[in-house]
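S.K.: Predicted model follows, preceded by the sequence.
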Amino acid sequence: MAFIKLEDVVINTSYIAAIRLERSEDLCVCLLIAIPTAALRPQESPTQSLYHFEWLQFTGNAARALQDYFSSFNNVIDLLPHHNVPSCCGGSQKD
């Protein structure tokens, strides 16, 4: 378990369910946070969803810092390197 701090927000990386890197005019990084609902509402029935999901959006310096963090080889393993990515139809993509 690790924590990352961006401005006045501290995020437990164990609760990050997805990361979306958006490149348009301004860099934007969105984190999908999965918050266990048992901690929020212990009195509810077990048939309720186990997690509450919420997107957090970061721009500017915070987005650049997140992009660097999640693009680092220490934090992300690229399962499909760009030089050897098969196409959806079974062929191989060439650079």
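M.R.: Arrived safely, thanks for sending. Numbering: from 1, shown residues only.
S.K.: buried ones in the lengthiest helix in the chain?
M.R.: Longest among the helix segments of the chain by residue count, using DSSP state H, is helix 60-71. Across helix 60-71, burial judged by 16 or more other C-beta atoms under 10 Å covers Ala62, Ala63, Ala65, Leu66, Gln67, Tyr69, Phe70. From N, CA and C alone the C-beta is placed, and that goes for glycine too.
S.K.: could those go into a markdown table alongside distance to Ile35?
M.R.: What follows is the buried residues of helix 60-71, written out as a markdown table (distance: C-beta to C-beta, whole Å):
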| residue | distance to Ile35 |
| --- | --- |
| Ala62 | 20 |
| Ala63 | 22 |
| Ala65 | 22 |
| Leu66 | 19 |
| Gln67 | 23 |
| Tyr69 | 21 |
| Phe70 | 20 |
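S.K.: Looking at those residues, which one is closest to Ile33?
M.R.: Leu66 (12.8 Å; C-beta to C-beta).
S.K.: Run through the residues that contact that closest one.
M.R.: By C-beta atoms under 8 Å, 6 or more residues apart in numbering, the residues touching Leu66 are Ile4, Leu6, Ile19, Val29, Leu31, Phe58.
S.K.: and if you look at Leu21?
M.R.: Leu27, Val29, Gln67, Phe70 are the contacts of Leu21 under C-beta under 8 Å, 6+ apart.
S.K.: Among those, which one sits closest to Ser14?
M.R.: Among these, and counting by C-beta to C-beta, the member closest to Ser14 is Phe70, at 14.6 Å.
S.K.: Just the pLDDT at that closest one, thanks.
M.R.: With respect to pLDDT, Phe70 scores 84.
S.K.: What separation do you get for it and Glu7?
M.R.: 17 Å (C-beta to C-beta, to the nearest Å).
S.K.: mind listing the strands for the chain?
M.R.: 3-6, 9-12, 16-23, 27-36, 51-59 (DSSP state E).
S.K.: Out of the ones you listed, which one sits most buried?
M.R.: The highest mean neighbour count among the strands of the chain, using mean count of other C-beta atoms under 10 Å, belongs to strand 27-36: a mean of 16.
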